[in-house]
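Novice: Got a predicted model here, sequence first, then my questions.
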Amino acid sequence: MSARWPEPIRFIIWDLDETFWRGTLTEGGITYRQDVHDIIIKLAGRGIISGICSKNDLAPVRDLLTERGLWSYFVFPSINWESKGPRIARIVEQVQLRPETILFIDDNPMNLHEAQHFVPGLQIADETVIDMLLDDPMLRGKQDAQLSRLEQYRLLEKRKTDEEHAGGDPREFLRASNIRVSILHDIGDHLDRVVELINRTNQLNFTKVRLPEDVTEAKALLAEQLAGFRWQVGLVKVVDNYGDYGFCGFYAYNIMSRRLDHFCFSCRTLGMGVEQWLYARLGWPGIRVQGEVLSRLPQADDPPIDWIALAAGPDSDSGEPVKDRTLGTVYLRGSCDLAAVGHYLGLVSERLIQDFNASYNGINLRRDHSMFIRHTLAPPDDRGIAALASIGYPAEICRSLLPRSVQEADLFVLSFYADLHSLYRHRETGVLTPFSAPGFDNTRDVTTLAAETEKYFGASAAQQSFRNLYETFDYAGSISEADFKLNLRLALDMIPGDKPVVIILALEPKSRLDRPTAMINRWIRDIAVQYANVALLDLKSCIEKPSEMHGTMHFDRAVYMRLYQAILRLAAAFPQWPKDEAA
């Protein structure tokens, strides 16, 4: 590591007289330094950008450097007769980089120390450093033969110039900039860029969780880490009226811990509000912010960022705005499969209504079982409601959200994995309900655990619920065909016929133990064919290889991403979708 600079240099601000060239331009005699000219071009090819801060007249400097073919290699040039300290501070603010990554070269010691006074942390050097720049390890940069980084700074320069000229409320300028964000979920072909964002961003890297420096090792580790079903990821692309900023952000959300483990952005988007917009769109998830960050994450009650639109699709490069063509409100009812898919749908919908199972007093409430559709639409009497409450199912928590959603939602996505769980019948009222015991196969009779209550529930409210179950309920086994079809008809009859319903069919392994899955799928097909607004989506079509399966209910992240994409295709095809077989 260079002893001269504490960290890699990303931007160099050049003095001109007696630094870039020998002599003073206004005094008529200079010697143009071709060696410095060539250094600036080579640095640009490494992604290290150059600016100017000179006491000179703008026109002759611009004419000379244009004639030499070098003017276009500089961004944010500051050429006038004002003091350099405030001007350097302005350049640093405009390029949106930390001072520690910026080097100011000037032959005048007073100018150098004035700049450092106005910009603490700024790196400074006199003209004698020039011959050593290309060999310094802190200016190794990254090969950029296409000068894409220089082009990005040109876009930033144009935006900043227009913003200054616009004056007034900066939000009005942002609204006029037509900022569009697209999110790529299939990141397999872009792991190099993801690794770069994770390891190289600082100012807008909120978690600062790093990967190994070796790129091959980092890519392999990242691919392994993010393959599992618990991860939801996105590579963020930004486009506005000024151009395409490329992939400039990445997030990785862990659905088990409900926390963002990676949330990082290139500084090229600083001031656009992209990171705040995305954080709100993700639903304000948990995050452990590490170190200094140049942006404040919004709170749920902050005013919305209304100048950014979601682009044409999560995998689209068109950049066309789709603010008026999102999925609207989406109702989801199901288990882990829909919880994983819900993240992606939430990014392209105005609102999600999630009707999932819940934990309460140590009990896993399987309110995603179809019996709770019936208990909501055709409630048991008071004795039945009391029986359900006695085993941990209070009515105020276990009421299905479907009835209120039929008017609010524009798309309905249903899954019935939970109906594989065994049912129990209350002896006095006949009310049926599922019941889940943690760590136990819930297709079997959990009342056989009566002698091991403390092992499964400890001394808790759940223990009393379990005791009430085996004292007042009988094991009823799998849901019957009649009960399931009645529950499904109750749900589908409520949903208006002009609103699409996608039902996800459960995976059907070949094992004899999984015959209930095939039966439920067959019952769904029997009913679905009677409803023109219902399409079936076979989960099997979203699995490309056996290694993506982890049992019959959990899969690699790629499977849920394909499932989400299949739902999008069906929603887009409604009402012309095929009705005769599962997609």
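Specialist: Thanks, I have the structure now.
Novice: Spell out the residue ranges of the strands in the stretch 101-250 of the chain.
Specialist: All strands of the stretch 101-250 of the chain, identified by DSSP state E, counting those that start in this stretch, fall at 102-105, 123-125, 179-184, 231-240, 243-254.
Novice: mind checking which of the ones you listed is nearest E548?
Specialist: In terms of C-beta to C-beta, the element of the strands of the stretch 101-250 of the chain nearest to E548 is strand 231-240, at 13.4 Å. Quick note: C-beta positions are derived from backbone N, CA and C, even for glycine.
Novice: on that earlier part again, save the strands of the stretch 101-250 of the chain as CSV, and put in mean pLDDT and mean neighbour count too.
Specialist: Below are the strands of the stretch 101-250 of the chain laid out as CSV (pLDDT from 0 to 100; neighbours: other C-beta atoms under 10 Å):
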stretch, mean pLDDT, mean neighbour count
strand 102-105, 96, 24
strand 123-125, 94, 20
strand 179-184, 91, 23
strand 231-240, 90, 22
strand 243-254, 90, 21
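Novice: Please convert the ones you listed to a markdown table, extending it with distance to K208.
Specialist: Output for those, formatted as a markdown table (distance: least, C-beta to C-beta, whole Å):
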| stretch | distance to K208 |
| --- | --- |
| strand 102-105 | 20 |
| strand 123-125 | 22 |
| strand 179-184 | 22 |
| strand 231-240 | 17 |
| strand 243-254 | 13 |
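Novice: closest to L327 out of the ones you listed?
Specialist: strand 179-184 (14.2 Å).
Novice: angle of the closest one against strand 243-254?
Specialist: Using axes from the mean of the first three to the mean of the last three C-alpha atoms, to 10 degrees, the inter-axis angle of strand 179-184 relative to strand 243-254 is 50 degrees.
Novice: Nearest to L377, out of the strands of the stretch 101-250 of the chain?
Specialist: strand 231-240 (32.2 Å).
Novice: how distant is the closest one from the center of its chain?
Specialist: Between the centre of strand 231-240 and the centre of its chain there are 6 Å (C-alpha atoms, centre = their mean, to the nearest Å).
Novice: Ok, stretch 476-496 next?
Specialist: 36 Å.
Novice: So which other helices or strands are in contact with the longest helix that the chain contains?
Specialist: Among the segments of the chain that qualify as a helix by DSSP state H, the longest is helix 148-166. Using 3 or more C-beta pairs under 8 Å, 6 or more residues apart in numbering; DSSP states H and E, the elements in contact with helix 148-166 are strand 49-55, helix 84-95, helix 170-176, strand 243-254.
Novice: Now do the third one: which elements does it pack against?
Specialist: If you count contacts as 3+ C-beta pairs under 8 Å, 6+ apart, helix 170-176 packs onto helix 148-166.
Novice: do the same with the first one
Specialist: In this structure, strand 49-55 makes packing contacts with strand 11-14, helix 34-44, strand 78-80, helix 84-95, helix 148-166, judged by 3+ C-beta pairs under 8 Å, 6+ apart.
Novice: among those, which is the most enclosed?
Specialist: Ranked by mean neighbour count under mean count of other C-beta atoms under 10 Å, the helices and strands packed on strand 49-55 are led by strand 11-14, which reaches a mean of 24.
Novice: Run through who's touching that strand.
Specialist: 20, 40, 43, 48-54, 74, 88, 91, 95, 97, 101-105, 133 (C-beta atoms under 8 Å, 6 or more residues apart in numbering).
Novice: give the contact list for the nearest residue to C248 once chain neighbours are set aside.
Specialist: Spatial nearest neighbour of C248, excluding adjacent residues (C-beta to C-beta, 6 or more residues apart in numbering): S266 at 4.0 Å. Under the criterion of C-beta under 8 Å, 6+ apart, the neighbours of S266 are 197, 201, 204, 245, 248-249.
Novice: Take the residues you listed and lay them out in CSV including distance to L411.
Specialist: As requested, the contacts of S266 are exported to CSV (distance: C-beta to C-beta, whole Å):
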residue, distance to L411
L197, 32
T201, 35
L204, 34
Y245, 31
C248, 30
G249, 27
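Novice: can you tell me which of those residues lies nearest to I179?
Specialist: Distance to I179 across the contacts of S266 (C-beta to C-beta) is lowest for Y245, with 9.5 Å.
Novice: From I504, how far off is that closest one?
Specialist: Counting by C-beta to C-beta, to the nearest Å, the separation of Y245 from I504 is 36 Å.
Novice: Can I get stretch 421-433 in CSV? Just the C-alpha atoms.
Specialist: The C-alpha coordinates for stretch 421-433 follow below in CSV (Å, rounded to 0.1, in the frame of the first residue of the first chain):
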residue,chain,number,x,y,z
HIS,A,421,-51.7,-30.1,7.5
SER,A,422,-53.9,-32.4,9.5
LEU,A,423,-57.2,-31.2,10.9
TYR,A,424,-58.8,-31.6,14.3
ARG,A,425,-62.5,-31.7,15.1
HIS,A,426,-64.0,-30.2,18.2
ARG,A,427,-66.0,-32.9,19.9
GLU,A,428,-69.0,-30.7,20.9
THR,A,429,-69.3,-28.3,18.0
GLY,A,430,-67.7,-30.3,15.1
VAL,A,431,-65.6,-27.2,14.1
LEU,A,432,-62.5,-28.2,12.1
THR,A,433,-59.1,-26.6,12.4
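Novice: What mean pLDDT does it get?
Specialist: For stretch 421-433, mean pLDDT rounds to 95.
Novice: which residues are contacting that stretch?
Specialist: Residues outside stretch 421-433 that contact it (C-beta under 8 Å, 6+ apart) are 366, 369, 371, 375, 380-381, 383-384, 387-388, 391, 393, 434-436, 442-447, 469, 472-479, 483.
Novice: Show the buried residues in those residues.
Specialist: The neighbour-count test (16 or more other C-beta atoms under 10 Å) marks 366, 369, 371, 375, 380, 384, 387-388, 391, 393, 434-436, 442, 445-447, 469, 473, 475-476, 478-479, 483 as buried among the contacts of stretch 421-433.
Novice: out of the helices and strands packed on helix 148-166, nearest to V293?
Specialist: For the helices and strands packed on helix 148-166, the distance to V293 is smallest for strand 243-254, at 13.4 Å, taking C-beta to C-beta.
Novice: Direction included, what does that closest one pair against?
Specialist: Here strand 243-254 has these sheet partners by DSSP bridges: strand 231-240 (antiparallel), strand 259-265 (antiparallel).
Novice: Could you list the low-pLDDT ranges of the stretch 201-350 of the chain?
Specialist: Residues of the stretch 201-350 of the chain that meet the criterion pLDDT under 70 lie in 312-326, 336.
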